[in-house]
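>>> Fold the following and give me the result.
(2 chains)
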There are 2 protein chains.
Amino acid sequence: MSTPKKQNMLIAQSGGPSMVINQSLVGAVIEAKKQACIGRIFGSLHGIKGILEEDLIDLRKESAKTLEAVAATPSSGLGTVRMKPSPADCTRIFEILRDYDVGYFFYIGGNDSAETVHIINQEAIKAKHLIRCFHIPKTIDNDLRSNDHTPGFGSAARFVACALMGDNLDNRALPGVKIDVIMGRHAGFLTAAAALGRTYEDDGPHLIYLPERPFSLPQFVKDVKAVYSKYGRCLVAVSEGIQDSKGVAIAAKFSKEVDSHGNVQLSGTGALGDLLAAELKARSSIKRVRADTFGYLQRSFPDCLSAVDSKEARAVGGVAVKTACQGVKSGSIAIKRKPGKTYKVSFERVPLKSVARDAREMPATYINKAGNDVTQAFIDYAAPIVGPLPKPGRLKGVKVKK
Amino acid sequence: MSTPKKQNMLIAQSGGPSMVINQSLVGAVIEAKKQACIGRIFGSLHGIKGILEEDLIDLRKESAKTLEAVAATPSSGLGTVRMKPSPADCTRIFEILRDYDVGYFFYIGGNDSAETVHIINQEAIKAKHLIRCFHIPKTIDNDLRSNDHTPGFGSAARFVACALMGDNLDNRALPGVKIDVIMGRHAGFLTAAAALGRTYEDDGPHLIYLPERPFSLPQFVKDVKAVYSKYGRCLVAVSEGIQDSKGVAIAAKFSKEVDSHGNVQLSGTGALGDLLAAELKARSSIKRVRADTFGYLQRSFPDCLSAVDSKEARAVGGVAVKTACQGVKSGSIAIKRKPGKTYKVSFERVPLKSVARDAREMPATYINKAGNDVTQAFIDYAAPIVGPLPKPGRLKGVKVKK
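As a prediction, the model looks like this:
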């Protein structure tokens, strides 16, 4: 590998926004400014849609101050899209990239976005069009293969942990059954993060249901009743992606929307939570049953950040640009955790196909035997990524004798 | 008024929890420890239910460290209840208070809780049982009469403002229509706070619907279409308490639960948001429509606090105890705003009946003519209570010429 020739670069964001996806954008732009092989720096608006529509902005025209302000801002500053390119799209993309003398292409997103980069890279090779194609990881779902964890997860997990911590206090003050529906299509990592908010022995979530284990309504009702008779209340964290024993998402029964990557829409509706609450009311004598669906807050709440997540998101953007400028032709930047007690990570270039399309699930060691909670191994894994959480106080509560 | 004789005090929390209700509890306990007329300090668990069940704790046994940790913790540390006392309940309450030599009663809550204190006070006067009855204000709904604003509102409003700020960034990145359902039974203050998160001219929420103005589905669809054709997207903040022209809450159509104060359950379900999304899909060609219902997060999220709100919540607890110890027999502590450009408040004792039962609505000057947004007067009113918010960065976005 020799230093590649000077050409322009294009960067874009794709898939669901996150709290720190702009850190990766800004990390890449700042690194690009240092690299002799990078000419102009184009941002494409709304992912590859912006390329096809030639809707590009000049990122060298952004001041350092603006870039830092954008880095600290949640959601995708360049806009985003959910779009899988056809071979015809790719041909058109190559024509446009040639017109703008783009030799470096960076795409920030999850497994579907990695698939997009992989397709573009494969088509480029077929077309003998030399373009360095890089995927920069981002997903609150934490389901990219080859990664210990992904940028965006830590902050979203922090939101979920804080939300459940608060909701546990609420449920303790005003007892009943509370069901919280959390994002995550196939992987339960984000729902599992609900457990990080526990402090005291009786703290909820008392039950955690993940897409990795088949969900049975009768078992759910049985589990809730058992917790309720022990504590007089029950807090439940449920993934929006929970599936029946045939692998059909329970929430998919209410949805007809499918995106171009074949994903059925699960978020943006309270139907799953309401179904579970209604079933519970019908099958038990518990009166106070409530359900909340956290929705898009999990990926965009401005006041709730993991410092580790922000830092790593910034880093992967920079490493991707550096790697391309070292002459590597394509790849994704994966976060690997170093062995040992202290939390340390390294960033490693991996092939596009190792992260594209297929998502990873939670390892079995992170889920309890009953399939309704996480293990200490998961807590140990996730805690350093999420960072220190608030510690709720509790009254000692010395009873007054009658 | 002379300094009253030394007797024990009892304090409890009632109604929906808030982020800062424990500040008021701790403010009262700390002040009580300074007062010569206060003997033992009892906390009743779950409001007046704890009195009736003699489920009391000794708050003098709590260390200063624990009290401060609890003060900083959301939700009701003593537990809460929604319960309107009958005359028979009152008689039993007086017997128990006499047994425990309680001469000072403090109840932290909203208008329903103030009604409870008012009933107990009236019954005590009838029964010639001298007990000093004080209400300490708390409500995220901000709907207590005689108050400029109420403890709990500032922090919940901060949550809503941040949530909408983030959701606006999300909606801008991935355009469509997004509907956010926010708490507030009769008063739109909390929903109105959604406007505080706006920074740029095109920022949402683009439409805000409050319980103070009749809600019409056809007008809603018309409004959304107009915004959508202007910005290619639309973010909507809707109060859970929106009513039709006959004053019937739209959400009440899905609910059968009523509490002892006569309130129909509106929270803890996504039905209203889903109804509005479904109607919009049916009556327009807009494809991407999502709805989130914020639910209980608004009143219990540990990471999101207004410093002003915390400080004032602490103060009202202390002022209530001080006032009782000055010989005043009953009342509520109201927050009044001093005239002038700089934000300053004073705390004033007001009669119980001036805050009990009936709630206040948003003043008409805070709502725009079309009834689908707030005015600058509302922003000026609410901003100092909520405190400084994060400022989202935005790319300058200099377009690249084709």
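
>>> Now the closest residue to chain B within the stretch 51-200 of chain A: closest residue in space, sequence neighbours ignored.
Nearest to chain B in the stretch 51-200 of chain A, going by Cβ to the nearest Cβ, is residue A:69, at a distance of 2.7 Å. In short, each C-beta sits where N, CA and C put it, glycine included. Excluding the flanking residues, the one nearest residue A:69 by Cβ to Cβ, 6 or more residues apart in numbering or on different chains is residue B:393, at 2.7 Å.

>>> Per-residue pLDDT of residue A:265, please?
The per-residue pLDDT reported for residue A:265 equals 65.

>>> just the helices in chain A please.
Along chain A, counting by DSSP state H, helices occupy A:21-34, A:48-52, A:64-71, A:87-99, A:111-126, A:153-173, A:189-192, A:217-231, A:271-283, A:297-300, A:307-325, A:376-386.

>>> Run the chain-centre distance for the second one.
The chain centroid and the centroid of helix A:48-52 are separated by 23 Å, computed with Cα atoms, centre = their mean, to the nearest Å.

>>> Say whether chain B is contacted by that helix.
No - on the criterion Cβ under 8 Å from any Cβ of the partner chain, helix A:48-52 is out of touch with chain B, staying 10.3 Å away.

>>> now for that helix, which elements pack on it?
strand A:7-13, strand A:38-44, helix A:87-99 (3 or more Cβ pairs under 8 Å, 6 or more residues apart in numbering or on different chains; DSSP states H and E).

>>> what angle separates the longest one from helix A:111-126?
Helix A:87-99 runs at 70 degrees relative to helix A:111-126, counting by axes from the mean of the first three to the mean of the last three Cα atoms, to 10 degrees.

>>> How far does helix A:87-99 sit from its chain's centre?
29 Å.

>>> okay, and for chain A, where does confidence drop off?
A:1-2, A:254-268 (pLDDT under 70).

>>> so what's the residue most central in space within it closest to, chain neighbours aside?
Using Cα atoms, centre = their mean, the residue of chain A that lies closest to the mean C-alpha position is residue A:140, 1.2 Å off. Leaving aside its chain neighbours, residue A:140 sits nearest to residue A:156 (3.7 Å; criterion: Cβ to Cβ, 6+ apart).

>>> Name the residues of the stretch 1-150 of chain A found near chain B, please.
Checking the stretch 1-150 of chain A against chain B by Cβ under 8 Å from any Cβ, the hits are A:13, A:16-17, A:22, A:40, A:42-43, A:45-46, A:54-59, A:61-63, A:66, A:68-82, A:100.

>>> ok, of those residues, which come out buried?
Buried by 16 or more other Cβ atoms under 10 Å in any protein chain shown: A:13, A:16-17, A:22, A:40, A:42-43, A:45-46, A:55-59, A:62, A:66, A:69-82, A:100, out of the residues of the stretch 1-150 of chain A next to chain B.

>>> The residue of the stretch 51-200 of chain A closest to chain B and residue A:77, how far apart?
Per Cβ to Cβ, to the nearest Å, residue A:69 is found 10 Å from residue A:77.

>>> ok, so what distance separates the nearest residue to residue A:79 once chain neighbours are set aside from residue B:287?
Nearest-residue entry for residue A:79: residue A:46, 4.0 Å, with adjacent residues in sequence omitted and distances by Cβ to Cβ, 6+ apart. Here the criterion is Cβ to Cβ. By it, residue A:46 lies 15 Å from residue B:287.

>>> Could you find the closest non-adjacent residue to the residue in chain A sticking out farthest from the centre?
Ranked by distance from the centre of chain A (Cα atoms, centre = their mean), the top residue is residue A:402, with 53.1 Å. Nearest non-adjacent residue to residue A:402, counting by Cβ to Cβ, 6+ apart: residue B:54, 5.5 Å away.

>>> what does the stretch 251-400 of chain A put close to chain B?
A:267-271, A:273-274, A:277, A:289-297, A:299-304, A:389-400.

>>> and the residue of the stretch 151-300 of chain A found nearest chain B, how many neighbours does it have?
The nearest approach of the stretch 151-300 of chain A to chain B comes at residue A:270, 1.3 Å away (Cβ to the nearest Cβ). If you count neighbours by other Cβ atoms under 10 Å in any protein chain shown, residue A:270 ends up with 27.

>>> My guess is it contacts residue B:271. True?
Yes - contact criterion Cβ atoms under 8 Å: residue A:270 and residue B:271 qualify, at 6.8 Å.

>>> Buried only: go through the residues of the stretch 251-400 of chain A next to chain B for me.
Buried among those (16+ other Cβ under 10 Å): A:267-271, A:273-274, A:277, A:289-297, A:299-304, A:389-390, A:392-395, A:397, A:400.

>>> What residues does residue A:239 make contact with?
A:181, A:182, A:183, A:184, A:188, A:190, A:191, A:209, A:210, A:211 (Cβ atoms under 8 Å, 6 or more residues apart in numbering or on different chains).

>>> so how far is residue A:76 from the first one?
Summarising the geometry, the distance separating residue A:181 from residue A:76, computed by Cβ to Cβ, is 24 Å.

>>> one step back: and the residue nearest to residue A:79, what is it in contact with?
A:12, A:55, A:78, A:79, A:80, A:81, B:173.

>>> So which of the residues you listed is the closest to residue A:333?
residue A:12 (15.9 Å; Cβ to Cβ).

>>> For the closest one, name its beta-bridge partners.
Per DSSP bridges, the residues bridged to residue A:12 are residue A:107.

>>> list the contacts for it?
A:43, A:44, A:45, A:46, A:47, A:48, A:50, A:51, A:78, A:106, A:107, A:108.

>>> Repeat that for residue A:293.
With Cβ under 8 Å, 6+ apart, residue A:293 has these contacts: A:180, A:181, A:240, A:269, A:270, A:272, A:273, B:270, B:292, B:293, B:295.

>>> repeat that with 10 Å
A:179-183, A:238, A:240, A:251, A:266-274, B:269-270, B:273-274, B:291-295 (Cβ atoms under 10 Å, 6 or more residues apart in numbering or on different chains).
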